[in-house]
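# sharing a sequence plus its predicted fold:
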2 protein chains.
Amino acid sequence: MAQILRDRIDKDGKVLNDRVLKVDSFLNHQVDPHLIMSLGQAFADHFKDRQVTKVLTLEASGIHIAFATALRLDIPFVFAKKRPASTQQGSGVYTAEVESFTRGQTCSITVSKDYITSEDRILIIDDFLAAGNAALGLISVVRQANAEIVGVGIAVEKSFQTGRKRLEDEGIEVLSLARLKSMDPATGVEYVKE
Amino acid sequence: MAQILRDRIDKDGKVLNDRVLKVDSFLNHQVDPHLIMSLGQAFADHFKDRQVTKVLTLEASGIHIAFATALRLDIPFVFAKKRPASTQQGSGVYTAEVESFTRGQTCSITVSKDYITSEDRILIIDDFLAAGNAALGLISVVRQANAEIVGVGIAVEKSFQTGRKRLEDEGIEVLSLARLKSMDPATGVEYVKE
């Protein structure tokens, strides 16, 4: 399954510079639903014996990957909502502040207390892992609910950034389907050998 | 298929007042993936002989429904992105201004010119139809690209608002799976008889 994603990145991804890979023709603007089902199957296969009760992601571009994973695991998914950092949140939600790597802004992410409880075992899914801020925000939300984090599933990991290390330092397993070691507009993507 | 959604609304929807139905336990915060697959199947069944080339929706809560529909039609989907109305857009995108019914704000929605062309036959999908502003924004984007609009598929239509009429006045077919005639916190939802 991971090979399918790497092949697609090699074919249709666009390396804009040594930090930015554009995948908006198949992953996060236009979307190939069959590719996404393959990614969901890969996450489901890996975590299927871990009693996951819910998949958690962040709107917007994690939603379809979380959906495919949840469908294959036969459980619901929840997508955290983004709000401007100043928005009044109320007492009915868990919230965390997340700094966006690409936009240089901070936003609040919120999840209703109704949908994560201390009984839950949560698999976090997202499209990209870079500095890890989004994933750490979701982890904070899960921990506020006293739920268990089973692991984090990522489509594309920028392994030259610190996200994976920050999650592993928290004791959290990370499964990334494509791990980018380096990128160059002239020569393309080099992957981490596993 | 439509009956599945109405049954679920009757079971798990919460009528907050005569204008607001909360469906965030199964449709737009926590999501039941099997229900969404049923909705996607219903849209695909209805539009399957209409040579749809792409499904178009608006982030965030249309994404999973568009995904399920596109998977069943075996075509890609595109999700338009929301930006603050003031954001610089650039020449590479189609854009439209959309006023949000629930939040009283205006935002810009954008779609890359790479992903809708004059060859496309577009099915628009969204979770709610109320005043119709989001759908009309998507229609504007499709028309800027000189693409064809095959129809609009909606999960929950607030039939006491003007959205359907505004779309039909544009000559556009609307398929809504649950048409709310009226709502009352005491007695629940009454549907349009079809």
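Yep, it's here. Numbering: from 1, shown residues only, chains lettered A, B, ... in the order given.
# please report how far A:Thr69 lies from chain B.
9 Å (CB to the nearest CB, to the nearest Å). For every residue, glycine as well, the C-beta is placed using N, CA and C.
# surely that residue touches A:Val55?
Yes. A:Thr69 is in contact with A:Val55 according to CB atoms under 8 Å; the separation is 5.2 Å.
# send over the helix-or-strand element of chain A with minimal mean pLDDT as CSV, restricted to the C-alpha atoms.
In chain A, no helix or strand scores lower on mean pLDDT, DSSP states H and E than strand A:77-84, which sits at a mean of 92. Taking C-alpha atoms only, strand A:77-84 is exported to CSV below (Å, rounded to 0.1, in the frame of the first residue of the first chain):
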residue,chain,number,x,y,z
PHE,A,77,-14.4,9.0,12.8
VAL,A,78,-14.4,12.5,14.3
PHE,A,79,-12.9,15.5,12.7
ALA,A,80,-11.7,18.3,14.9
LYS,A,81,-12.8,21.8,13.8
LYS,A,82,-10.5,24.8,13.3
ARG,A,83,-11.4,28.2,14.6
PRO,A,84,-9.6,31.5,14.8
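# just the angle for the helix or strand just after it relative to strand A:77-84, thanks.
Sequence order places strand A:93-99 as the next helix or strand after strand A:77-84, per DSSP states H and E. With axes from the mean of the first three to the mean of the last three CA atoms, to 10 degrees applied, the angle from strand A:93-99 to strand A:77-84 works out at 60 degrees.
# list the contacts of stretch A:26-44.
A:1-2, A:4-5, A:8, A:12, A:24, A:61, A:64-65, A:67-73, A:123, A:125, A:127, A:153, A:155-156, A:175, A:177, B:54, B:67, B:70-71, B:74, B:76-79, B:81, B:111-112, B:114-115 (CB atoms under 8 Å, 6 or more residues apart in numbering or on different chains).
# restricted to helices, list these.
A:2, A:4-5, A:8, A:12, A:64-65, A:67-73, B:67, B:70-71 (DSSP state H).
# what about the longest helix in chain A?
helix A:33-47.
# tell me which residue is most central in chain A.
In chain A, the C-alpha nearest the mean C-alpha coordinate belongs to A:Asp126, at 1.4 Å (CA atoms, centre = their mean).
# return the set of buried residues in the least confident helix or strand of chain A.
A:Phe77, A:Val78, A:Phe79, A:Ala80, A:Lys81, A:Lys82 (16 or more other CB atoms under 10 Å in any protein chain shown).
# which one of these is nearest to A:Asp184?
Of all the buried residues of strand A:77-84, A:Asp184 sits closest to A:Lys82, with 31.8 Å by CB to CB.
# report the secondary structure state of the nearest residue to the closest one once chain neighbours are set aside.
Sequence neighbours aside, A:Cys107 is the residue nearest to A:Lys82 in space, at 4.8 Å (criterion: CB to CB, 6 or more residues apart in numbering or on different chains). Classification of A:Cys107 by DSSP: H, G, I helix; E, B strand; the rest coil places it in strand.
# which residues touch A:Cys107?
A:Lys82, A:Arg83, A:Pro84, A:Ala85, A:Glu97, A:Val98, A:Ser100.
# near chain B, which residues of chain A are found?
Applying CB under 8 Å from any CB of the partner chain, we find that chain A lies next to chain B at A:24-26, A:29-34, A:36-37, A:54, A:59-61, A:63-64, A:67-68, A:70-71, A:74, A:76-79, A:81, A:111-112, A:114-115.
# 7 Å instead, please
A:24-25, A:29-33, A:36-37, A:59-60, A:63-64, A:67, A:70-71, A:76-79, A:112, A:114-115 (CB under 7 Å from any CB of the partner chain).
# restricted to buried residues, select those in PyMOL.
Of the residues of chain A next to chain B, the buried ones go into a single PyMOL selection, burial set by 16+ other CB under 10 Å:
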select buried, chain A and resi 24+25+29+30+31+32+33+36+37+59+60+63+64+67+70+71+76+77+78+79+112+115
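# and the average pLDDT for stretch A:143-154 is what?
The pLDDT scores in stretch A:143-154 average 98.
# contacts for that stretch next, please.
The contact list for stretch A:143-154 (CB atoms under 7 Å, 6 or more residues apart in numbering or on different chains) reads A:43, A:47, A:50, A:52, A:69, A:94, A:116-118, A:120-126, A:129, A:135, A:139, A:142, A:167, A:172-176.
# can you tell me which of the residues you listed are buried?
By 16+ other CB under 10 Å, those give A:43, A:47, A:52, A:69, A:94, A:116, A:120-126, A:129, A:135, A:139, A:142, A:167, A:172, A:174-176 as buried.
# among the residues you listed, which lie within strands?
Under the assignment DSSP state E, the buried ones among the contacts of stretch A:143-154 contribute A:Tyr94, A:Arg121, A:Ile122, A:Leu123, A:Ile124, A:Ile125, A:Asp126, A:Leu129, A:Val174, A:Leu175, A:Ser176 to strands.
# local confidence estimate at A:Ala85?
What the model reports for A:Ala85 is a pLDDT of 65.
# in chain A, where is pLDDT below threshold?
Filtered on pLDDT under 70, chain A yields the residue ranges A:1, A:85-89, A:101-103.
# switch to 80 and redo it
Low-confidence segments of chain A (pLDDT under 80): A:1, A:84-90, A:100-104, A:194.
# contact partners for the nearest residue to A:Ser112 once chain neighbours are set aside?
What sits nearest to A:Ser112 in space, not counting adjacent residues and going by CB to CB, 6+ apart, is A:Val93, at 5.6 Å. Applying CB under 7 Å, 6+ apart, one finds that A:Val93 lies in contact with A:Thr110, A:Val111, A:Ser112, A:Lys113.
# A:Leu21 now?
A:Gly13, A:Val15, A:Val156, A:Leu180, A:Met183, A:Val189.
# make TSV out of those residues and add neighbour count and distance to A:Ala147.
Compiled in TSV, those are given as follows (neighbours: other CB atoms under 10 Å in any protein chain shown; distance: CB to CB, whole Å):
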residue	neighbour count	distance to A:Ala147
A:Gly13	23	34
A:Val15	19	38
A:Val156	24	26
A:Leu180	25	30
A:Met183	20	35
A:Val189	17	35
